[in-house]
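Asks: Structure for the following, please:
(chains A, B, C and D)
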There are 2 protein chains.
Amino acid sequence: MPSATPAKKPYAPRLPAAERREQLLDAAQRIALERGFHAVSVDGVAKACGVTRPVVYGVFEDRTAMLAALFARGEERALAGLARVFPAIPGPGDDVDPDDLLLQGITAYLQTVSADPDTWRIILVPPEGAPPELEQRVNAQRRVMLRTLRGLLDWGLPRRGGPPVDPDLFARAVFTLAEGAARLLLVDPERWRVEQFTDFTRTALAALGPGVRPPG
Amino acid sequence: MPSATPAKKPYAPRLPAAERREQLLDAAQRIALERGFHAVSVDGVAKACGVTRPVVYGVFEDRTAMLAALFARGEERALAGLARVFPAIPGPGDDVDPDDLLLQGITAYLQTVSADPDTWRIILVPPEGAPPELEQRVNAQRRVMLRTLRGLLDWGLPRRGGPPVDPDLFARAVFTLAEGAARLLLVDPERWRVEQFTDFTRTALAALGPGVRPPG
DNA sequence: CTGTGTTGCTACATGTATGTAGCAATGAGG
DNA sequence: CCTCATTGCTACATACATGTAGCAACACAG
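Replies: As a prediction, the model looks like this:
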């Protein structure tokens, strides 16, 4: 019969620093998604790993550094996925339909988001209490993506003809709608499928202006 | 950072409860917009009004109630402005162009937002640290607006002809784009004008499908 | 001038999270 | 079996915001 008085914590399994670090970041991300960033306390993350606070401070300078590491890891993963979304601008010899290019880009984006939902939830549906650094990092990448998209549209819009839309606003609209679709996929994955959005996009593009080039 | 309230140590001007309440809410909103909701502490709000904490507790039950009051006031103001945005669904006798209806609604929405930017910044660009209750209230109103918009589109889409778009997704797309435009107006009012978005919308609508009904 | 209630202030008690110092357990190598 | 660097734990000190109790100043009625 164990004496109940001391109530000492049994030793948690010992891990090398690198593994512990990943485990802590996984826990921090899970807590952030489930209960918001305010719940991502050093103590909370430690407890979630069955460990105490000093262990966390052995890996990260402080709470801010821990969150920064979480964002850095997320950014890295997101950018790795995005590499396939933006195609290179086709050269003069290439025979590419601008509408197909856009449609494939959007599809690739939505599939990328669906393939790593937790990473993208942090970015596109940030949980309560997200520190300002997160929004700054995300917005910085948004600007990069928007510029890239704008470059592709500057190539594609004159080639497909169609209405004389403001290319800047058109780029922003496409971007906003793509993120909106991604949010729906992330928030209610049971209800939405990537194809619904690609179908909608295809219909909308077909209806816009002179339409898709005739095949052949 | 001007403190705007010189009287610190000596007695602050005495105010009746109702006036004090408005003053405290104004201060809370200003702090939230400038430094985020985490800076909206009972102490911070009190200091901003040149007053001490117990004065705040004399008006609001606690910090949560103070924020709830701020959100309630903002919701009230926003809904008052929105009353003019959504027109009634035209009857069989009325001769209304669906595209005009949509264009006027979007214009009215963007003008409403521009007319009371601070209220709408809380809603559309919530500062850091916003409590979950805010998002819940805003999302509840979003659902109402989306349903209303959907009703109007169910009336208008068959009347204007055009591509066979999914009406639900189309309503969401319009809503998302309108909020995106409003965000641009709020975040960078120097750069953006309502007309840029109405022009864009007009061009896009004109390009979509069979186009505007011929006049006459 | 002088009561008298209202409004605001000082001071305290509490709760929660951060970050640190020093001790204890573990387990691989001799 | 013993050594000892590594890893984790207990306990403390600190900071900050909340919420409360009781006192002090003001303004107006008489």
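Asks: Can you name the residues of chain A sitting close to DNA strand C?
Replies: Contact residues, chain A versus DNA strand C (CB under 7 Å from any atom of the strand): A:11, A:13-14, A:41-43, A:53-54, A:57, A:62-64. To be clear about C-beta, it is placed using only N, CA and C from the backbone, and glycine gets the same treatment.
Asks: helices or strands next to the longest helix anywhere in chain A in the packing?
Replies: In chain A, with assignment by DSSP state H, the single longest helix is helix A:132-160. On a contact count with 3 or more CB pairs under 8 Å, 6 or more residues apart in numbering or on different chains; DSSP states H and E, helix A:132-160 meets helix A:63-82, helix A:98-115, helix A:167-187.
Asks: Quick check: which helices or strands does the shortest one pack against?
Replies: Packing contacts for helix A:98-115, counted by 3+ CB pairs under 8 Å, 6+ apart, involve helix A:63-82, helix A:117-124, helix A:132-160, helix A:167-187, helix A:194-207.
Asks: Output these as CSV; include the columns mean pLDDT, mean neighbour count and distance to B:Ala130.
Replies: Formatted as CSV, the helices and strands packed on helix A:98-115 follow (pLDDT from 0 to 100; neighbours: other CB atoms under 10 Å in any protein chain shown; distance: least, CB to CB, whole Å):
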stretch, mean pLDDT, mean neighbour count, distance to B:Ala130
helix A:63-82, 95, 16, 18
helix A:117-124, 98, 20, 17
helix A:132-160, 94, 15, 12
helix A:167-187, 97, 19, 17
helix A:194-207, 93, 17, 28
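Asks: related to what we said a few turns ago, now list the buried members of the residues of chain A next to DNA strand C.
Replies: A:41-42, A:63 (16 or more other CB atoms under 10 Å in any protein chain shown).
Asks: now the residues you listed as TSV including distance to B:Leu185?
Replies: Listed next are these as TSV, based on distance: CB to CB, whole Å:
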residue	distance to B:Leu185
A:Ser41	37
A:Val42	40
A:Arg63	36
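Asks: Which single one of these is nearest to DNA strand D?
Replies: Distances from DNA strand D to those, taken as CB to the nearest atom of the strand, are shortest for A:Val42 (10.6 Å).
Asks: for DNA strand D, what are the nearby residues on chain A?
Replies: Within chain A, the residues that sit near DNA strand D (CB under 7 Å from any atom of the strand) are A:8-9, A:11-17, A:20, A:50-55, A:58.
Asks: Buried ones among the residues you listed?
Replies: The neighbour count (16+ other CB under 10 Å) marks A:15, A:20, A:51, A:55 as buried among the residues of chain A next to DNA strand D.
Asks: What about those residues, which are in helices?
Replies: Residues of these located in helices (DSSP H): A:20, A:55.
Asks: Confidence-wise, which of the buried ones among the residues of chain A next to DNA strand D comes last?
Replies: When those are compared on pLDDT, A:Leu15 comes out lowest, with 78.
Asks: From A:Cys49, how far out is it?
Replies: Counting by CB to CB, to the nearest Å, the gap from A:Leu15 to A:Cys49 is 9 Å.
Asks: so what sits against both of these two?
Replies: A:Gln23 (CB atoms under 8 Å, 6 or more residues apart in numbering or on different chains).
Asks: surely A:Val96 meets A:Pro90?
Replies: Yes. A:Val96 lies in contact with A:Pro90 (CB atoms under 8 Å); the separation is 4.3 Å.
Asks: Spell out which residues make up each domain of chain A.
Replies: A:17-60, A:71-207 (automatic domain parsing).
Asks: For the longest one, what is the distance to the chain centroid?
Replies: What it means is domain A:71-207. 10 Å (CA atoms, centre = their mean, to the nearest Å).
Asks: picking that back up, save the helices and strands packed on helix A:132-160 as TSV, and put in distance to B:Glu76 too.
Replies: Listed next are these as TSV, based on distance: least, CB to CB, whole Å:
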stretch	distance to B:Glu76
helix A:63-82	36
helix A:98-115	36
helix A:167-187	27
